[in-house]
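Participant: fold the following and give me the result.
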Amino acid sequence: MSTNSLEDVNLRRVSVYATLVVMIGFYLAPLETGLMTAFKTQNVFFSTSPFSPPPIDGFTLQPWMEAFDRLGPGLVNSLLFTVPAAVFSAFLGSMAAYGMTNLDWRYQVGVLVLFVAGVFIPYQSVLVPLTRFWAMVDIANLFTSMAGAISFLPLLPGVFRALADRAGLVELAVTHTAYGIPICTVLFRGYYLSLDREMLEAARLDGATPARIYRKIVLPLSKPMFAVALIYQFTNIWNDLLFALVLVSDPSNAPITIALNTLKGSMVQQYNVQMAGAFLAALPTLVIYVLFGEQFAKGVAGET
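Facilitator: Coordinates of the predicted model:
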C-alpha cells in the first residue's frame, strides 16, 4: 500500500474517531452538568458554570440527602408495582408466545394479530374505560371485604388490609401487566421461532407434555429473552406518569414519577436537589441494566 493510501486511511480513521468523541460529548453533556449541579450548594450553583465541578468549599451532599428523604416513599411505591408488573407480564408473554409457536390450534393467526395490535394501543386511548373499570371494581372495598370475611385466619386479613391501603398501586400493577403482555408476547415469539425444532420434537416423541416441555426445556433457554423483556418492561413501567396520575389519588401511594415533581418549589427553585432527585429516580433502571446487561445482549442477538 502506498504512502498516500496509508495517509488517507489514517485521516479517515481520525475523522471517524473525532466524530464519535464529539457525539459522546454531546450526549453526555446534560448528564455531566446535572451531576455537577447535584453536588453544589445553591449559592455555588448560581456563581459557577454548570459544566464546572464544585469547589472544595462548595461541595455538599445535602441535596442528595434531602432528595432521598423526600423521594424515599415514592421509590418504595414504584418498586411495589413495577417489579410484579414486569415479572408477570414477561412470564405471561412467554407462555402466550410458546402457545403460538409450539402448539397447533385454530384461530392462532387471529390471536397473534390481536397481540400485535395491542402493542400499538396508546395509553391515552384507554384512560376513560380504564378509570370506569377500576371505579366499578372498587378494589379497595373488595380487599376490605375479603379481610373481614377471613378475619378468623392468621396473617391473611392483614395482607388484604395492606393491599386495600395501596389499592392504587395494585391497579397500576394489574394495568401495566395487561398492557405489557402484547409486547412481551411478540418479543418471545420471535425468540422461540429460532429454537431448535428437532430438540422440541424429540421431547414430544419421548412422551413429554407441552407443559413439561415448556417448564424443562423452553423456560431455561429463555433467560436471555427474559432479560430483554424485564429490562424493557421495568424501564417503561418505572418511567410511566400518565397511568399514575389517573389511578393514584392517595399522596402516600404516589410513585417516584409523581414524587419527583414535588421537588419543584413554588417560590425558590432548588436545582441541586432536583438534579439529585432525578439521578436517584433513574438509579433503579441503571441497576437493572447492570444486573441483566449480559443476558440482555444475548437476547437481543438471539443467542440461547
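
Participant: residue 129 and residue 135: what is the separation?
Facilitator: Using C-beta to C-beta, to the nearest Å, residue 129 is found at 11 Å from residue 135. All C-beta spots, glycine's among them, are computed from the backbone N, C-alpha and C.

Participant: cool, residue 90 as well?
Facilitator: Distance from residue 90 to residue 135, counting by C-beta to C-beta: 29 Å.

Participant: neighbour count for the two, which is higher?
Facilitator: residue 90 (29 against 9; other C-beta atoms under 10 Å).

Participant: any idea which helix or strand carries the more buried one?
Facilitator: helix 62-101 (DSSP states H and E).

Participant: what helices or strands is that helix leaning on?
Facilitator: helix 108-119, helix 167-192, helix 223-238, helix 256-261, helix 271-301 (3 or more C-beta pairs under 8 Å, 6 or more residues apart in numbering; DSSP states H and E).

Participant: the residue nearest to residue 58 when sequence neighbours are not counted and residue 203, how far apart?
Facilitator: Computed as C-beta to C-beta, 6 or more residues apart in numbering, the closest residue to residue 58 that is not its neighbour in sequence is residue 44, at 3.2 Å. For residue 44, the distance to residue 203 equals 65 Å [C-beta to C-beta].

Participant: phi and psi next, for residue 105.
Facilitator: phi -160, psi 160 (degrees, to the nearest 10).

Participant: who touches it in this structure?
Facilitator: Going by C-beta atoms under 8 Å, 6 or more residues apart in numbering, residue 105 touches residue 99.

Participant: check it and give its pLDDT.
Facilitator: The score at residue 105 is 80. That number is its pLDDT.

Participant: repeat that for residue 165.
Facilitator: For residue 165, the model assigns a pLDDT of 91.

Participant: quick check: the gap between it and residue 131.
Facilitator: 20 Å.

Participant: so between those two, which is more surrounded?
Facilitator: residue 165 (16 against 13).

Participant: any idea of the pLDDT on the residue nearest to residue 58?
Facilitator: Taking residue 44 on its own, its pLDDT is 86.

Participant: could you report the neighbour count for it?
Facilitator: Here the number of neighbours of residue 44 (other C-beta under 10 Å) works out to 18.

Participant: which residues sit in contact with it?
Facilitator: By C-beta under 8 Å, 6+ apart, the contact list for residue 44 reads 54, 55, 58.

Participant: save the residues you listed as CSV, and put in pLDDT too.
Facilitator: CSV is the format used below for these (pLDDT from 0 to 100):
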residue, pLDDT
54, 88
55, 86
58, 84
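
Participant: measure the residue nearest the centre of the chain to residue 188 for me?
Facilitator: Nearest to the mean C-alpha position of the chain, counting by C-alpha atoms, centre = their mean, stands residue 234 at 1.7 Å. Applying C-beta to C-beta, the value for residue 234 to residue 188 is 16 Å.

Participant: do residue 196 as well
Facilitator: From residue 196 over to residue 188 (counting by C-beta to C-beta), the distance is 16 Å.

Participant: if you count surrounding residues, which of the two has more?
Facilitator: The neighbour comparison of residue 196 against residue 188 (other C-beta under 10 Å) goes to residue 188, with 28 against 11.

Participant: run a quick neighbour tally on the residue nearest to the more buried one when sequence neighbours are not counted.
Facilitator: Take residue 188 and drop its neighbours on the chain: the residue closest to it by C-beta to C-beta, 6+ apart is residue 97, 3.4 Å away. Residue 97 sits with 26 neighbouring residues when counted by other C-beta under 10 Å.

Participant: cool, residue 130 as well?
Facilitator: Residue 130, neighbours per other C-beta under 10 Å, totals 18.

Participant: can you check the one 10 residues further on too?
Facilitator: Neighbour count of residue 140, defined by other C-beta under 10 Å: 18.

Participant: any idea which element it lies in?
Facilitator: Judged by DSSP H and E, residue 140 forms part of helix 139-149.

Participant: where does the prediction get shaky in the stretch 1-150 of the chain?
Facilitator: Where the stretch 1-150 of the chain drops to pLDDT under 70, the residues are 1-9.
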